[in-house]
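Visitor: build the 3D model from these lines:
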Amino acid sequence: MFPTTQTPWSQLKSFRRKKYFVIATFFILIISFLLTKNFLHHRQQTELQKVYIANQELKAPLLLNLDSFKEKYISNDLFPLNAIQNAKDISEKTLLRDLNQNEIIVHRDLTSEIEPNSITAKIPEGKQIITISETWLTGPLPNLGKNDSIDLLAVQPKARTNQVTFIATNIKVLSSKKISDRQILNLLVTDEEAKNITLVRGLNLPLSVIINAH
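Guide: Residues are numbered from 1 along each chain as shown. From the prediction side, this is the model:
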């Protein structure tokens, strides 16, 4: 056979063909990768997960039963963190916060350690209960009931200006009862308000009450 040679022009054409082939192959691989990634992401989003939702508006604290909730399937992208997927994890548990109808139930909404009729179950998140007696006050109280709102003021009779200081405002009354014609109030307060009331009581400063309009 006779030896063959390529002209510079033929060599350039061959190099360009190889270059275009490599570039085309590179872009095909990139496009395939992006299409595969998009397909997997779309598939993950459209896969359905089982959750449980409130059948109706539920007011805490409440002992839940099978009539309180129902099963529903939602896509992965809507699936909330810690959503409950087993009905056994809901039934006979105490609901800790109010739920709207069709709201998804998550684990932090429930507890098995608190009875719904206990006073602990009635304390909202971030609040505490402090009990005060009418004997702590500068004057008698009208009959107060659940959800009445009051302000507490500390009176400093030895101050030159007879100073009055607000120590807690918009406090909700959780419950009240009478003992020997004196009211005993259970008040929902923050940690800071509880500390202020305890401090004032420890200093034996009289307390005054302002009853707020609803």
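
Visitor: so where do the strands sit in the protein?
Guide: 48-54, 62-63, 69-75, 94-95, 110-111, 128-133, 149-155, 164-179, 182-189, 207-211 (DSSP state E).

Visitor: most packed of those?
Guide: Comparing the strands of the chain by mean neighbour count (mean count of other C-beta atoms under 10 Å), strand 94-95 comes out on top with a mean of 22. In this view, the C-beta of every residue, glycine as well, is placed from N, C-alpha and C.

Visitor: can you list contacts of it?
Guide: 58, 60-64, 68, 109-112, 114-116, 121 (C-beta atoms under 8 Å, 6 or more residues apart in numbering).

Visitor: and the closest residue in space to Pro142 that isn't next to it in sequence, what does it touch?
Guide: Nearest residue to Pro142 in three dimensions, chain neighbours excluded: Ile211, at 7.2 Å (C-beta to C-beta, 6 or more residues apart in numbering). Counting by C-beta under 8 Å, 6+ apart, Ile211 touches 142, 144, 148-150.

Visitor: can I get these in CSV with distance to Leu205?
Guide: Formatted as CSV, the contacts of Ile211 follow (distance: C-beta to C-beta, whole Å):
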residue, distance to Leu205
Pro142, 22
Leu144, 21
Asp148, 23
Ser149, 22
Ile150, 17
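
Visitor: which two among those are spaced furthest apart?
Guide: In the contacts of Ile211, two members sit farther apart than any others by C-beta to C-beta. They are Pro142 and Ser149, at 13.3 Å.

Visitor: picking that back up, so which of the contacts of strand 94-95 sit within helices?
Guide: Among those, no residue falls in helices (DSSP state H).

Visitor: of these, buried ones?
Guide: Burial of those was assessed by neighbour count (16 or more other C-beta atoms under 10 Å); the buried members are 58, 60-62, 64, 68, 109-111, 114, 116, 121.

Visitor: alright, calling it a day.
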